[in-house]
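K.L.:
What follows is a predicted structure for the sequence shown.
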There are 2 protein chains.
Amino acid sequence: MDFNILADQYRKELFENILPFWLNNSQDKQFGGYFSCLDREGHVYDTDKFIWLQGREVWLFAMMYNNVEPNPEWLQCAVQGGEFLKRFGHDGSFNWYFSLTQDGRPLIEPYNIFSYTFAAMAFGQLYKATGNGEYADIAKKTFDLILSKTDNPKGKWNKTVPGTRDLKNFALPMILCNLALEIEHLLPEDLMHSIIESCIHEVMDVFYRPELGLIVENVLVGTEGLSDSFDGRVINPGHAIEAMWFIMDLGVRLHRPELVEKAAQIAVQMVEFGWDEQYGGIFYYRDRDGHPTQQLEWDQKLWWVHIETLITMIKGYQLTGSQACLDWFEKVHTYTWSHFKDNEFPEWFGYLNRRGEVLLPLKGGKWKGCFHVPRGLYQCWNTIEKCAEKNNTIYSTLYSV
Amino acid sequence: MDFNILADQYRKELFENILPFWLNNSQDKQFGGYFSCLDREGHVYDTDKFIWLQGREVWLFAMMYNNVEPNPEWLQCAVQGGEFLKRFGHDGSFNWYFSLTQDGRPLIEPYNIFSYTFAAMAFGQLYKATGNGEYADIAKKTFDLILSKTDNPKGKWNKTVPGTRDLKNFALPMILCNLALEIEHLLPEDLMHSIIESCIHEVMDVFYRPELGLIVENVLVGTEGLSDSFDGRVINPGHAIEAMWFIMDLGVRLHRPELVEKAAQIAVQMVEFGWDEQYGGIFYYRDRDGHPTQQLEWDQKLWWVHIETLITMIKGYQLTGSQACLDWFEKVHTYTWSHFKDNEFPEWFGYLNRRGEVLLPLKGGKWKGCFHVPRGLYQCWNTIEKCAEKNNTIYSTLYSV
């Protein structure tokens, strides 16, 4: 595996294929914000605006501007989306709707906590890019609301009867692991420190179950025990694997190599559990006891699952030298590029059936936007470059001997 | 097609395969009610109790007792389920939960109107079977609550922002078409008459769109126009085809042959739209404009879609003589028996992938219980017998000439 060639493959795909697709096709020049429902060729097939995806596209272009180069086209794209979100995305008190019409009228109430987390990420990066204190203020206020909602994220839209089988879900502590580093620059050090410690504990000691070797999606509140129910048994391998690179980033930030090692090891266990031996690719859902899942889409192969796995495996290799991580990176790399990349039109497919055939020909929709593909290409490109530097160093060391 | 042999095939499958499966495997002898999560061989893999499926199994065995024969085992099965529902299924005011634990503790709040409709059907039939006025009272009170909720079935759990894009959904008027005949014996004639007229109008004049030749799942409130959105574009062929036999039953009851003719014709249009020319079977969802659906399971082949289509097509043929209905009955009959019937273990598979391969090996789950298969076999058996009688009459007429 030639890391120099590989880094180039990821970088080129990002700059020449993915970023132009979203810059050219997703921006709504009339009302602001972004279209995310784009067909195979990039044409808009639905004009609704989903707050998850609005926030994520603001974040992506602001992050590229901050981390890669101060390209004014990227900044302009991020700012116009941020202004649309600021004006229409919330109820006036930073309760973030789930979706809007094209012209910004609210469609679905603020029941979904991840509309808040992606808004906070967006405005955190946008503040970094612009220095505009208004954006910092929105990120901070939104983050306070997220913290106030951790015990009942769905609020009044929660349909669970309290007291019978109270479950807590993996998604929020997992996302907070990532968000914490994203908006570290905006919050008091001691608050961030305690949030980070608590999230690491939740992910690695509560949702990771050594007796199973797996991360579960839901545990019982209080006892933190396993629940023998559909929600208690379900495993989402991609979700757990994604969380492991958030944990590795925290391990690097906190100088805790043992945390990075553990995350790399759990990620390998999760991909072994999730891999489809028959057709290749990683299942979307599995029941930990082998029972039928309630998710009819359990056997589908989703773009984000595979791209997040690439990030985790290459980081695992780069940070720990794990051969298992490198082997899985190669295997998932081969599957991903040969199945998700569309060789005729820009951007990647999102949804394949179990056999790896295209299930929905969309390039963007209600849940797929300008996020996992470009973030993944950016993360892999940078991490592979570090692997290449290390190899170059090894070569020079060898030659200098 | 020999209708006598065919009627026998449906009757035998019902009596020798399906009913024993549920009688033997689903009854909870400890707490009452029914397990619905049964694996391929009939073993319980999850003990939660879903009110839709509790109500439907009560209904099924009470209906069989009322319509076929006064088998005490069927009555006992229906009554014990009804008693469990009466005691644990609601909040004390006949607001029906969505699900319970095995021992009857509420898990999910009464957000779902169909928990109410299946409870009303159950207690309506149970009253017919037992003459117990308490059951009639539960059915009537539940029906009153359904009527009070028609404008906002989800109540406080509704996540739609009012006023932006208010949609009304096909499912409730469709189910009311069926429920009306089910509990006709319990309600004042003028009330039932106005409900029936209103539901027929909704189904045939509002949700059926002559400009498309299709029944849509959602229309705009007020204007009753089409909505160009995911919810406004989605078509559920099985749902619409099922509604057409409810309408045919109403047409027979009201002596309106033109209504039966129209329903048979719409059903043929819907199955033509829903049929998968490549692999056979009827798609679960399609977008009316050919855009990607938001339902990832859109291309799957579901048991109830095919069984409901068999009922509708054979009724359409029996009542109108439509050759198209008979041709579709034969085509769907062949697909259904060769794909959904499990030749090794009792009951039928529920979920196949697009190619017709088993996707989930369950015989029952969160949504599949003792309902569509036995109701469909019962309905087809009875309707095919009528076709056979008609043929016999034709033969005797020929011979007597």
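P.N.:
That came through, no problem.
K.L.:
which bits of the stretch 251-400 of chain A sit near chain B?
P.N.:
Residues of the stretch 251-400 of chain A found near chain B (CB under 8 Å from any CB of the partner chain) are A:289, A:291-294, A:296-300, A:351, A:353-354, A:359-362, A:365-366. Just so you know, the C-beta spots here come from the backbone N, C-alpha and C atoms, and that holds for glycine as well.
K.L.:
Would you list the buried entries among these?
P.N.:
Neighbour counting by 16 or more other CB atoms under 10 Å in any protein chain shown classes A:291-294, A:296-300, A:351, A:353-354, A:359-360, A:362, A:365-366 among these as buried.
K.L.:
so what secondary structure elements neighbour the strand or helix carrying A:Pro173?
P.N.:
Element membership for A:Pro173 (DSSP states H and E) is helix A:171-182. Here helix A:171-182 touches helix A:113-130, helix A:133-148, helix A:189-201, helix A:237-253, going by 3 or more CB pairs under 8 Å, 6 or more residues apart in numbering or on different chains; DSSP states H and E.
K.L.:
let's go with 7 Å and repeat that
P.N.:
Packing contacts for helix A:171-182, counted by 3 or more CB pairs under 7 Å, 6 or more residues apart in numbering or on different chains; DSSP states H and E, involve helix A:113-130, helix A:189-201, helix A:237-253.
K.L.:
And A:Ala119, how close does it get to A:Met1?
P.N.:
Distance of A:Ala119 to A:Met1, computed by CB to CB, to the nearest Å: 39 Å.
K.L.:
Those two - which one has more neighbours?
P.N.:
Taking other CB atoms under 10 Å in any protein chain shown, A:Ala119 and A:Met1 do not tie; A:Ala119 has more neighbours (31 against 12).
K.L.:
Show the model's pLDDT score for the more buried one.
P.N.:
You'll see A:Ala119 listed with a pLDDT of 98.
K.L.:
Over to A:Asn392?
P.N.:
Looking at A:Asn392, the pLDDT reads 75.
K.L.:
Pretty sure it sits in a helix.
P.N.:
Yes. Assessed by DSSP: H, G, I helix; E, B strand; the rest coil, A:Asn392 belongs to a helix.
K.L.:
so what's A:Lys390 closest to, chain neighbours aside?
P.N.:
Leaving aside its chain neighbours, A:Lys390 sits nearest to A:Gln318 (7.5 Å; criterion: CB to CB, 6 or more residues apart in numbering or on different chains).
K.L.:
what about the nearest residue to A:Ile247 once chain neighbours are set aside, distance to chain B?
P.N.:
Nearest residue to A:Ile247, sequence neighbours excluded (CB to CB, 6+ apart): A:Ala263, at 4.1 Å. A:Ala263 is 29 Å from chain B, where distance means CB to the nearest CB, to the nearest Å.
K.L.:
do the same with A:Phe21
P.N.:
For A:Phe21, the distance to chain B - CB to the nearest CB - is 17 Å.
K.L.:
and if you look at A:Trp74?
P.N.:
To chain B, A:Trp74 is 28 Å away according to CB to the nearest CB.
K.L.:
Please apply the same query to A:Pro374.
P.N.:
For A:Pro374, the distance to chain B - CB to the nearest CB - is 21 Å.
K.L.:
In terms of helix, strand or coil, where does that residue fall?
P.N.:
What three-state DSSP gives for A:Pro374 is helix.
K.L.:
That one: how many residues sit nearby?
P.N.:
Neighbour count of A:Pro374, defined by other CB under 10 Å: 26.
K.L.:
Report the contact partners of it.
P.N.:
By CB atoms under 7 Å, 6 or more residues apart in numbering or on different chains, the contact set of A:Pro374 is A:Leu14, A:Ile18, A:Leu19, A:Leu60.
K.L.:
Wasn't the second one part of a helix?
P.N.:
Yes. According to three-state DSSP, A:Ile18 belongs to a helix.
K.L.:
Tell me, how many residues neighbour A:Asp144?
P.N.:
Neighbourhood size, A:Asp144 [other CB under 10 Å]: 13.
K.L.:
Likewise for A:Ser36?
P.N.:
The number of residues packed near A:Ser36 is 29, by other CB under 10 Å.
K.L.:
A:Gly364 sits in which helix or strand?
P.N.:
Applying DSSP H and E, one finds A:Gly364 in no helix or strand.
K.L.:
Surely it and A:Ser36 touch.
P.N.:
Yes. At 4.5 Å, A:Gly364 counts as touching A:Ser36 under the criterion of CB atoms under 7 Å.
K.L.:
I'd like the secondary structure assignment at A:Thr223, please.
P.N.:
Of the three states, A:Thr223 takes coil according to three-state DSSP.
K.L.:
Do a quick rundown of the strands in the stretch 1-150 of chain A.
P.N.:
Remark: strands assigned in the stretch 1-150 of chain A by DSSP state E, counting those that start in this stretch are A:37-38, A:44-46, A:49-50, A:99-100, A:106-108.
K.L.:
related to what we said a few turns ago, I'd say the residue nearest to A:Lys390 and A:Ala388 touch.
P.N.:
No. If you go by CB under 7 Å, A:Gln318 and A:Ala388 don't touch, sitting 10.0 Å apart.
K.L.:
ok, these two, which is more surrounded?
P.N.:
Using other CB under 10 Å as the criterion, A:Gln318 and A:Ala388 rank with A:Gln318 on top: 23 against 17.
K.L.:
residues in contact with the more buried one?
P.N.:
Going by CB under 7 Å, 6+ apart, A:Gln318 touches A:Thr383, A:Lys386, A:Cys387.
K.L.:
Give me the number of neighbouring residues for A:Asp28.
P.N.:
Look at A:Asp28: counted by other CB under 10 Å, it has 18 neighbours.
K.L.:
Check A:Arg165 too.
P.N.:
By other CB under 10 Å, the residues close to A:Arg165 number 20.
K.L.:
cool, and the one 4 residues further on?
P.N.:
Counted with other CB under 10 Å, residues neighbouring A:Asn169 total 16.
K.L.:
bridging residues for it?
P.N.:
Counting by DSSP bridges, A:Asn169 is bridged to A:Asn218.
K.L.:
so it touches A:Leu220, yeah?
P.N.:
No. The pair A:Asn169 / A:Leu220 is not scored as a contact, 11.6 Å apart, by CB under 7 Å.
K.L.:
Looking at the buried ones among the residues of the stretch 251-400 of chain A next to chain B, which are in strands?
P.N.:
The members of those that map onto strands under DSSP state E are A:Tyr351, A:Leu359, A:Leu360.
K.L.:
Give the rounded mean pLDDT of stretch A:125-139.
P.N.:
Stretch A:125-139 comes out at a mean pLDDT of 98.
K.L.:
For A:Asn112, which residues are in contact?
P.N.:
A:Phe98.
K.L.:
and it, what are its phi and psi?
P.N.:
A:Asn112 has phi and psi values of phi -110, psi 120 when expressed as degrees, to the nearest 10.
K.L.:
The closest residue to A:Asn25 other than its chain neighbours: neighbouring residues, count only.
P.N.:
If the residues on either side of it in the chain are set aside, A:Asn25 comes closest to A:Gly42, at 3.9 Å by CB to CB, 6+ apart. A:Gly42 has 18 neighbours, counted by other CB under 10 Å.
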